[in-house]
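S.K.: could you work out the structure for the sequence below:
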Amino acid sequence: MNRFEFKIRKELRAKRNINYLILSVDALTPSLTGIGRYTWELASRLPLCVDIGSLNFYQQSRRIKNPSDLLDQEWKPSRRSWLQKKEPAWFRDLRLKLLCRGTLFHSPNYFLPSFADIGIATIHDLSVFKFPETHPAERIKQFEKHFQATLQIADHLITDTEAIRQEVINTFSWPDEKITAVHLGSSRHFKPQKLQQTFEILARYGLSHGGYTLCVSTIEPRKNIDRLLAAYNRLPKDLLRRFPLVLVGSIGWESDEIHQQIERCCAEGWLKYYGFVTEGDLEVLYAGAWLFVYPSRYEGFGLPVLEAMASGIPVITSHDPALVELASGAARHCEGDDEDALRCAIGESLADIEWRENAIVEGLKVAGLFSWERCIKETVQVYRKVVGC
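M.R.: Model prediction:
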């Protein structure tokens with residue numbers, strides 16, 4: 001083969017499509033959390049990619065025509081989907097195995113099904129292995145039963161950060177050429193907003209622009225919410241009055257004691273807890289905050305940190321490697337498990353105007369590097385690598 005023929009073949013190869021792709025949408029539920037958000041961005045953006053020929057969506061072995069249906073509280077599966085779910089296991093597995101033959105299957109939520117022929121799994125973090133005490137027993141059993149099987153059949157893995165990529169390589173002796181870090185993104189709706197833009201929604205929550213500290217997090221042990229509340233309560237009274245703490249997030253596992261603590265703090269008047277809020281309201285809650293605090297013990301990425309920086313809000317977060325990688329020097333880091341360190345960092349950040357102004361500028365620069373468009377583009381590059389086109 002001469003150099004000209006080689007060049008032509010290379011160009012034709014580069015133009016080949018990913019002919020068949022199946023995306024698992026098991027993580028899509030009406031109240032989107034981090035993995036659900038990631039799955040939704042893939043499900044809504046991949047159909048727009050010219051590199052992909054045929055794209056199908058599956059949830060728990062049944063085909064989903066419109067992934068957006070899964071975000072509707074009132075949606076019910078069709079009779080055909082219901083009948084598929086009632087199929088004998090052997091018949092369902094055979095049908096899906098035939099369907100997946102020669103097809104790329106991407107699971108955005110850790111686990112690949114046994115029938116996946118060409119499989120890619122996204123591993124968001126290894127918290128089940130590093131901090132098993134922060135997970136329910138059912139979740140640990142799920143990993144014990146299915147995770148090693150996923151590693152055995154996976155052709156490639158994706159992680160949200162380089163920090164988690166290295167953890168997977170070191171923990172499971174995974175080949176470094178078969179795992180790629182692809183950073184997540186944030187919606188363009190998370191952006192700085194002025195008082196006039198936030199006034200109406202903040203008034204509905206009893207808040208004023210620039211008059212509170214915000215934390216957005218699922219309420220569960222790994223997030224260190226109990227440490228945050230204890231540390232915040234020890235701030236000077238004038239700071240507590242001027243900057244009450246606003247906590248937003250769904251109820252997670254093993255959170256009964258934390259919720260009792262939340263109730264006491266709310267009764268004292270310096271904490272406001274709103275649970276899950278709509279994305280439209282969340283964008284305003286970010287933009288109206290004076291400070292954002294995220295003391296999580298361990299993360300795979302940390303979407304709330306990125307959303308806060310994109311909203312023009314200075315950030316305090318822990319020394320967790322993934323969060324340090326994400327913040328890229330734009331946040332103030334402290335030990336999330338250390339109440340004294342957390343209290344000092346919050347107190348200094350509330351009062352230090354020079355640091356605040358610099359953190360806003362640097363945070364916006366860092367946030368500008370992350371987008372869902374980039375995430376999808378780099379994910380499709382992984383697809384192409386795996387199928388050899």
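S.K.: how near is the closest residue to residue 265 other than its chain neighbours to residue 201?
M.R.: Spatially, and ignoring its direct neighbours in sequence, residue 265 is nearest to residue 271 (3.8 Å; C-beta to C-beta, 6 or more residues apart in numbering). For glycine as for every other residue, the C-beta is placed from the backbone atoms N, C-alpha and C. From residue 271 across to residue 201, the span is 20 Å (C-beta to C-beta, to the nearest Å).
S.K.: and for residue 122?
M.R.: 33 Å.
S.K.: and the strand or helix carrying residue 142, which residues are buried?
M.R.: Element membership for residue 142 (DSSP states H and E) is helix 137-153. Buried residues in helix 137-153, counted by 16 or more other C-beta atoms under 10 Å: 143, 147, 150, 153.
S.K.: wait, the third one sits on residue 109?
M.R.: What that stands for is residue 150. No: the pair residue 150 / residue 109 is not scored as a contact, 10.6 Å apart, by C-beta atoms under 8 Å.
S.K.: so residue 187 makes contact with residue 280?
M.R.: No: using C-beta under 8 Å, residue 187 is not in contact with residue 280; the gap is 10.7 Å.
S.K.: more neighbours: which of these two?
M.R.: Taking other C-beta atoms under 10 Å, residue 187 and residue 280 do not tie; residue 187 has more neighbours (16 against 9).
S.K.: report the secondary structure state of that one.
M.R.: coil (DSSP: H, G, I helix; E, B strand; the rest coil).
S.K.: show me the contacts for it.
M.R.: The contact partners of residue 187, by C-beta atoms under 8 Å, 6 or more residues apart in numbering, come to 279, 283, 307, 372.
S.K.: the nearest residue to residue 213 once chain neighbours are set aside: neighbour count?
M.R.: Nearest residue to residue 213, sequence neighbours excluded (C-beta to C-beta, 6+ apart): residue 291, at 4.6 Å. Residues near residue 291, counting by other C-beta under 10 Å, number 22.
S.K.: isn't residue 291 up against residue 312?
M.R.: No: at 11.8 Å, residue 291 does not count as touching residue 312 under the criterion of C-beta under 8 Å.
S.K.: okay, now the unreliable bits of the stretch 51-200 of the chain?
M.R.: Scanning the stretch 51-200 of the chain for pLDDT under 70 picks out 73-87, 89-93.
S.K.: that one: helices as residue ranges?
M.R.: Secondary structure of the stretch 51-200 of the chain (DSSP state H, counting those that start in this stretch): helices at 79-85, 89-100, 127-130, 137-153, 162-172, 195-204.
S.K.: of all the ones you listed, which lies closest to residue 254?
M.R.: In terms of C-beta to C-beta, the element of the helices of the stretch 51-200 of the chain nearest to residue 254 is helix 137-153, at 10.7 Å.
S.K.: now do that closest one against helix 162-172, angle only.
M.R.: 80 degrees (axes from the mean of the first three to the mean of the last three C-alpha atoms, to 10 degrees).
S.K.: re the thing from before, who has more neighbours out of residue 271 and residue 201?
M.R.: residue 271 (22 against 19).
S.K.: tell me the domain ranges of this protein?
M.R.: 3-185+372-387, 195-367 (automatic domain parsing).
S.K.: give me whichever of the ones you listed is most buried.
M.R.: Highest mean neighbour count of those: domain 195-367, a mean of 19 (counted as mean count of other C-beta atoms under 10 Å).
S.K.: for that domain, the distance to its chain's centre please.
M.R.: Distance of domain 195-367 from the chain centroid (C-alpha atoms, centre = their mean, to the nearest Å) equals 17 Å.
S.K.: wait, what's in contact with the spatially most central residue of the chain?
M.R.: Nearest to the geometric centre of the chain sits residue 34, at 3.0 Å (C-alpha atoms, centre = their mean). Shown in contact with residue 34 (C-beta under 8 Å, 6+ apart): 124, 301, 303.
S.K.: now do the same contact list for the second one.
M.R.: What it means is residue 301. Going by C-beta under 8 Å, 6+ apart, residue 301 touches 34, 124, 160-161, 164, 183-184, 322, 326.
S.K.: ok, those vs residue 257, which is closest?
M.R.: Closest to residue 257, out of all of the contacts of residue 301 and judged by C-beta to C-beta, is residue 34, at 23.3 Å.
S.K.: can you list phi and psi of that closest one for me?
M.R.: The phi and psi values for residue 34, taken as degrees, to the nearest 10, are phi -60, psi -50.
S.K.: just the closest of the contacts of residue 301 to residue 261, please.
M.R.: Once C-beta to C-beta is applied, the member of the contacts of residue 301 that ends up nearest residue 261 is residue 34, at 23.5 Å.
S.K.: tell me the confidence at that closest one?
M.R.: We note a pLDDT of 85 for residue 34 in this prediction.
S.K.: any idea how far it lies from residue 169?
M.R.: Going from residue 34 to residue 169 by C-beta to C-beta gives 22 Å.
S.K.: kindly report the same for residue 48.
M.R.: For residue 48, the distance to residue 169 - C-beta to C-beta - is 32 Å.
S.K.: which residues in the stretch 201-350 of the chain form strands?
M.R.: 213-216, 245-248, 271-275, 291-294, 315-318, 332-334 (DSSP state E, counting those that start in this stretch).
S.K.: now do the last one: which elements does it pack against?
M.R.: Judged by 3 or more C-beta pairs under 8 Å, 6 or more residues apart in numbering; DSSP states H and E, the packing partners of strand 332-334 are strand 315-318, helix 321-327, helix 339-351.
S.K.: tell me which residues touch the nearest residue to residue 222 once chain neighbours are set aside, please.
M.R.: Counting by C-beta to C-beta, 6+ apart, residue 134 is the residue found nearest to residue 222 once chain neighbours are left out, at 4.1 Å. Neighbouring residues of residue 134 by C-beta under 8 Å, 6+ apart: 127, 220-222, 253-254, 297.
S.K.: among the residues you listed, which one sits closest to residue 205?
M.R.: residue 220 (23.2 Å).
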